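Participant: just coords:
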Ligand code: SAM
């Protein structure tokens with residue numbers, strides 16, 4: 001019986017499972033972590049190719065069953081409490097972590113932001129998410145989907161939609177469409193203070209219908225630096241590169 005509070009929608013479409021595993025392309029010996037293995041729909045084909053797999057499962061009953069599998073290292077925990085940087089060090093792999101999962105949709109955005117804090121130890125990420133969330137992640141400026149999530153992820157990852165997934169692929173079927181996204185961290189990301197970018201993007205999109213001078217403009221006035229920035233636009237019109245440049249200008253001198 002699926003538990004709604006754990007966002008449990010189990011993948012049952014074997015053809016789709018094969019497509020996802022092919023998109024992930026697991027290789028023997030790679031250090032991989034699966035978030036929310038559930039009933040092992042992805043776990044089993046992944047571990048057959050990898051030889052060993054680390055899984056993070058919050059549901060105690062599911063975790064108990066998973067622990068009987070000799071090729072799985074089961075971490076029974078809330079993924080939001082897992083220190084992936086520490087986990088990566090414990091795994092002792094010469095390569096960075098590959099992270100995958102059909103995520104619990106109720107906490108997918110917090111998971112994406114949590115992983116952003118550990119991006120330094122990540123090789124790539126493949127996630128099944130609600131289609132609307134993927135739309136927002138990969139959105140271009142001047143579209144209604146472009147927002148805080150787009151900017152906060154696009155500055156750090158190259159992202160692409162890999163597969164579209166209909167509700168019938170799951171049991172029970174979710175009420176929404178789904179999609180698989182690939183996220184690859186940039187090897188040489190722009191140098192900036194994460195908190196500065198985080199705060200300014202949050203302020204900019206707090207009133208997305210208004211011109212930026214009413215939101216970001218006021219916020220900038222409160223700071224000692226006043227970099228030149230066109231505030232006669234709406235937040236959704238500003239490309240990621242300009243948010244990055246503004247964050248860099250605001251932290252200039254304090255970032256190596
Ligand atoms: N991977 C399985 C599949 O594709 O059929 C299950 C996917 S289901 C959408 C989400 C899984 O994440 C469930 O197994 C659920 O118990 C687990 N889960 C929910 N919240 C979690 C959390 N905070 N930390 C770790 N796992 C969680």
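Facilitator: That came through fine. Note that this is a predicted model, so its numbers are computed, not measured. Numbers count the residues shown, from 1 in each chain.
Participant: Retrieve the pLDDT associated with the residue nearest to residue 104 when sequence neighbours are not counted.
Facilitator: Nearest residue to residue 104, sequence neighbours excluded (C-beta to C-beta, 6 or more residues apart in numbering): residue 7, at 2.8 Å. Every C-beta, even on glycine, is put in place using the N, C-alpha and C of the backbone. For residue 7, the pLDDT comes out at 88.
Participant: residues touching residue 7, list them.
Facilitator: 36, 103-107 (C-beta atoms under 8 Å, 6 or more residues apart in numbering).
Participant: helices or strands up against the helix-or-strand element of the chain with minimal mean pLDDT?
Facilitator: The weakest-scoring helix or strand in the chain, judged by mean pLDDT, DSSP states H and E, is helix 216-221 (a mean of 92). Counting contacts by 3 or more C-beta pairs under 8 Å, 6 or more residues apart in numbering; DSSP states H and E, helix 216-221 packs against helix 194-204.
Participant: Name the residue of the chain that lies nearest to the ligand.
Facilitator: With C-beta to the nearest ligand atom, the shortest gap between the chain and the ligand falls at residue 36, namely 2.2 Å.
Participant: can you count the residues close to the nearest residue to that residue once chain neighbours are set aside?
Facilitator: Nearest in space to residue 36, with sequence neighbours left out and distances taken as C-beta to C-beta, 6+ apart, is residue 101 at 5.2 Å. For residue 101, the neighbour count with other C-beta atoms under 10 Å is 23.
Participant: Tell me which strands the helix or strand harbouring residue 101 pairs with, and in which orientation.
Facilitator: Take DSSP states H and E as the rule and residue 101 turns out to sit in strand 97-102. Next to strand 97-102 in the sheet, as set by DSSP bridges, lie strand 32-35 (parallel), strand 122-130 (parallel).
Participant: Residues contacting it, please?
Facilitator: Strand 97-102 has contacts (C-beta under 8 Å, 6+ apart) with 9, 11, 24, 26, 30-38, 41-42, 46, 84, 87-88, 91, 115, 121-128.
Participant: Output the strands paired with strand 97-102 in CSV; the columns should cover mean pLDDT and mean neighbour count.
Facilitator: As requested, those are exported to CSV (pLDDT from 0 to 100; neighbours: other C-beta atoms under 10 Å):
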stretch, mean pLDDT, mean neighbour count
strand 32-35, 98, 24
strand 122-130, 98, 22
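Participant: Could you list the low-pLDDT ranges of the protein?
Facilitator: 225, 253-256 (pLDDT under 70).
Participant: so what's the nearest residue to residue 148 once chain neighbours are set aside up against?
Facilitator: Distances taken as C-beta to C-beta, 6+ apart place residue 205 nearest to residue 148, at 4.7 Å, with adjacent residues excluded. Residues counted as contacts of residue 205 (C-beta under 8 Å, 6+ apart) are 147-148, 235-236.
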